[in-house]
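Peer 1: Got a predicted model here, sequence first, then my questions.
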Amino acid sequence: MTPAQPADIPEVEAFLDARLPRAMFPRANLAHYGLATGGPQMHRHAMRFWLRREDGTLTDVLGATREGFLLPACPTGPWEAAAEALRGEEVGALIGPEEEVRPLRKALGLQDVPGELDEVQPHFLLSLEDLQIPEGPGGIVPFAEGPEAVLVGWMRDYFAETLGTPLDLAAIEARRAVQAAAEAESHVVLMDGETPLAMAGLNARLPGIVQVGGVYTPPALRGRHHARRAVALHLAEAKGRGVREATLFAAGPPAIAAYKALGFRRIGRWTLCRFAAPQVIHG
């Protein structure tokens, strides 16, 4: 595999577009943050890519964010070549379809390194023509119009509960995440008058498809379908802007039941593996 150059990017974009929704993270990161050039001003989600071609045709794209999160889109399984290409690189996480992340992790020699977060979750897709909006109290407002202190606390707990982030680090990351979500207009909060009920977000956005993430209801309000209503209303807004599909991966039976009730159907298995410290690849 060879490093991608700026001239390769239109071909990379077309390749990833053909693999959506399984390539939402690398494609959306590229669209919003661009190609990582090594400068300190680059966003942590800016992308680097390694490419494999066969007879001049692009067959595999291995993406990595500037912070070292690997995002494979490698249908032919070029794992030995990937390990060689990544020799000397630091890897903080592997995220993607289970059938790609599992063999890539093994080829990199990381199968026995415990993950701070190490989960396989069902992956879902929804045509927004089939979206079901549940009845219930409240309507959604952007994060910028919500109660900031509450949202920071919810985001901290979301990071700790769902992503396994240590609580002290989650508190630091939460404030930054709420501010970034407000600026990006990517998240909403379901409000019943002055009372916040749940939050929902989009962690990857492209013109025709979005990926749901950052869904949270505080424990005292769970079991009342607030989160599914927040997600549904948020997706209805996206549909109004011309978005046609939504995808997500779900943790736990309650979340799976909620998303199925909205019309999502399962399409595969998704792996999230994040290490406590970056791992150097020896090839």
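Peer 2: Structure received.
Peer 1: average pLDDT for stretch 209-224?
Peer 2: The predicted model assigns stretch 209-224 a mean pLDDT of 96.
Peer 1: residues in contact with that stretch?
Peer 2: Applying C-beta atoms under 8 Å, 6 or more residues apart in numbering, the external contacts of stretch 209-224 come out as 20-21, 24-25, 28, 136, 154-155, 157-158, 162, 181, 187, 197-205, 226-227, 230-231, 234-235, 238, 243-248, 254-255. The way it works is simple: take the backbone N, C-alpha and C, and place the C-beta from them, glycine included.
Peer 1: If we use 7 Å, what do you get?
Peer 2: For stretch 209-224, contacts defined as C-beta atoms under 7 Å, 6 or more residues apart in numbering pick out 20-21, 24, 154, 157-158, 187, 197-204, 226-227, 231, 238, 243-248.
Peer 1: Endpoints of that stretch, how far apart?
Peer 2: This stretch, stretch 209-224, spans 28 Å end to end (C-alpha to C-alpha, to the nearest Å).
Peer 1: for stretch 182-198, same thing?
Peer 2: From its first residue to its last, stretch 182-198 covers 16 Å (C-alpha to C-alpha).
Peer 1: oh, and call the first residue 657 from now on, that's how I've got it
Peer 2: Happy to do that; since the first residue is 657 now, the last one works out to stretch 838-854.
Peer 1: which other helices and strands contact the host helix or strand of residue 738?
Peer 2: Residue 738 belongs to helix 735-741 when assigned by DSSP states H and E. Counting contacts by 3 or more C-beta pairs under 7 Å, 6 or more residues apart in numbering; DSSP states H and E, helix 735-741 packs against strand 703-710, helix 754-763.
Peer 1: circling back: report the buried members of the contacts of stretch 865-880.
Peer 2: By neighbour count, with 16 or more other C-beta atoms under 10 Å, those hold 676-677, 680, 810, 813-814, 843, 853-860, 882-883, 887, 894, 899, 901-904 as buried.
Peer 1: Looking at strand pairing, list the partners for the residue nearest to residue 664 when sequence neighbours are not counted.
Peer 2: Spatially, and ignoring its direct neighbours in sequence, residue 664 is nearest to residue 707 (6.4 Å; C-beta to C-beta, 6 or more residues apart in numbering). For residue 707, the beta-bridge partners under DSSP bridges are residue 658, residue 717.
Peer 1: Would you map the helices across the stretch 757-906 of the chain?
Peer 2: All helices of the stretch 757-906 of the chain, identified by DSSP state H, counting those that start in this stretch, fall at 804-818, 823-840, 882-896.
Peer 1: Tell me which of those helices sits nearest to residue 745.
Peer 2: helix 823-840 (23.1 Å; C-beta to C-beta).
Peer 1: now the closest one: mean pLDDT?
Peer 2: Rounded mean pLDDT across helix 823-840 is 94.
Peer 1: same deal with stretch 661-671?
Peer 2: What stretch 661-671 shows for mean pLDDT is 97.
Peer 1: If you count neighbours, what's buried in stretch 811-828?
Peer 2: In stretch 811-828, residues buried by neighbour count (16+ other C-beta under 10 Å) are 811-816, 818, 820-821, 826-827.
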